[in-house]
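Peer 1: turn this into a model:
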Amino acid sequence: EVAMMAAACLVVALALSAVPHPAPADHCAAARLRSSRPRGPRLALRMETEAATTPPDVEEEFDPGEVAGLRVLKYPHPLLRAPNTEVTDFDDDLRDLSRRMLKMMYASKGVGLAAPQVGVNKRLMVFNPEGDEKKLGAEVVLVNPLITARAEGTDTDDEGCLSFPGFGAQVERPKWVRVKAQNLKGKPFSKKYTGWEARIFQHEYDHLDGVLYVDRLAEEERAKVQGDLDRLISAHGPGGAL
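Peer 2: Next up, the predicted model:
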């Protein structure tokens, strides 16, 4: 009887072992996805809103060095504060510059870039709220943009900047902006940006006015990043760095 019971138990055990079991959840992979969200162009919102205004999960941006003949200027380079003139020639050179800026933006894992950040003091910006070079339909190129209206209500969220590598800070901005601009052919158009896109646009638009995101920090928030600013000044000097 003992032998028969043992044989029966063996049959049951073999049957159970053949039943497939779900693989354990990859908690580490989930953590990597959450930690990969950028802290601003870097720009990022931490609040999940509508899909069209929600920042994508993309890799943390970094400095790729020279890309397409361009380099991102680092704070405190004086060209980041210099006046930016309006674009008057809508030619092949302008289209080439915008393409090279997009290449630099993608190589940096960013979502936006303004011409003065690559040493060209013109009123030109590019961005892609998806941060994905494969999603060409999401690319935006704005020439001579101008804010014509903005929301009274504001949001505060984390931002960073390719010209300020390694840190970010909380910035308060209007929830939406209405803009008029020109495309690469010089044709004027109007557009309203909200949520995530509004934050990207306003960040890049500030660059065209010689305003840097650290200029908009509250006193307490500025104090948090002052050590990082001092580090950049020490590393790159009063003239900044290419």
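Peer 1: can we go C-alpha only for contacts and neighbour counts from here?
Peer 2: Fine.
Peer 1: now do the helix ranked longest in the chain: distance to the chain's middle.
Peer 2: Taking DSSP state H as the assignment, the helix of the chain that covers the most residues is helix 219-236. Taking Cα atoms, centre = their mean, to the nearest Å, the mean C-alpha location of helix 219-236 is offset from the chain mean by 20 Å.
Peer 1: give the buried residues for it.
Peer 2: Residues 222, 225, 228-229, 232-233, 236 are the ones in helix 219-236 that count as buried (16 or more other Cα atoms under 10 Å).
Peer 1: name the helix or strand of the chain that has the lowest mean pLDDT.
Peer 2: Counting by mean pLDDT, DSSP states H and E, the chain has its least confident helix or strand at helix 27-35, which shows a mean of 29.
Peer 1: state the distance from the residue nearest to Ala181 when sequence neighbours are not counted to Trp176.
Peer 2: Taking Cα to Cα, 6 or more residues apart in numbering as the measure, Ala181 lies nearest to Pro145, with 4.1 Å between them; neighbours along the chain are not counted. In this structure, Pro145 and Trp176 are 15 Å apart, going by Cα to Cα, to the nearest Å.
Peer 1: picking that back up, now the buried residues of helix 219-236 in TSV, with distance to Ala149 and pLDDT?
Peer 2: Shown next, in TSV, are the buried residues of helix 219-236 (distance: Cα to Cα, whole Å; pLDDT from 0 to 100):
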residue	distance to Ala149	pLDDT
Arg222	27	97
Val225	31	97
Asp228	34	96
Leu229	32	95
Leu232	35	95
Ile233	35	93
His236	37	87
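Peer 1: now, which of those residues sits nearest Ser163?
Peer 2: Leu232 (9.8 Å; Cα to Cα).
Peer 1: the closest one - nearest residue in space that isn't next to it in sequence?
Peer 2: Nearest residue to Leu232, sequence neighbours excluded (Cα to Cα, 6+ apart): Tyr75, at 6.5 Å.
Peer 1: packing partners for the longest helix of the chain?
Peer 2: strand 164-174 (3 or more Cα pairs under 8 Å, 6 or more residues apart in numbering; DSSP states H and E).
Peer 1: the inter-axis angle of the strand it packs on versus helix 219-236?
Peer 2: Using axes from the mean of the first three to the mean of the last three Cα atoms, to 10 degrees, one finds that strand 164-174 and helix 219-236 are set 150 degrees apart in direction.
Peer 1: what are the contacting residues of strand 164-174?
Peer 2: With Cα atoms under 8 Å, 6 or more residues apart in numbering as the contact definition, strand 164-174 has outside contacts at 39-40, 62-63, 74-75, 150-161, 199, 202, 213-214, 216-218, 221-222, 225, 228, 232.
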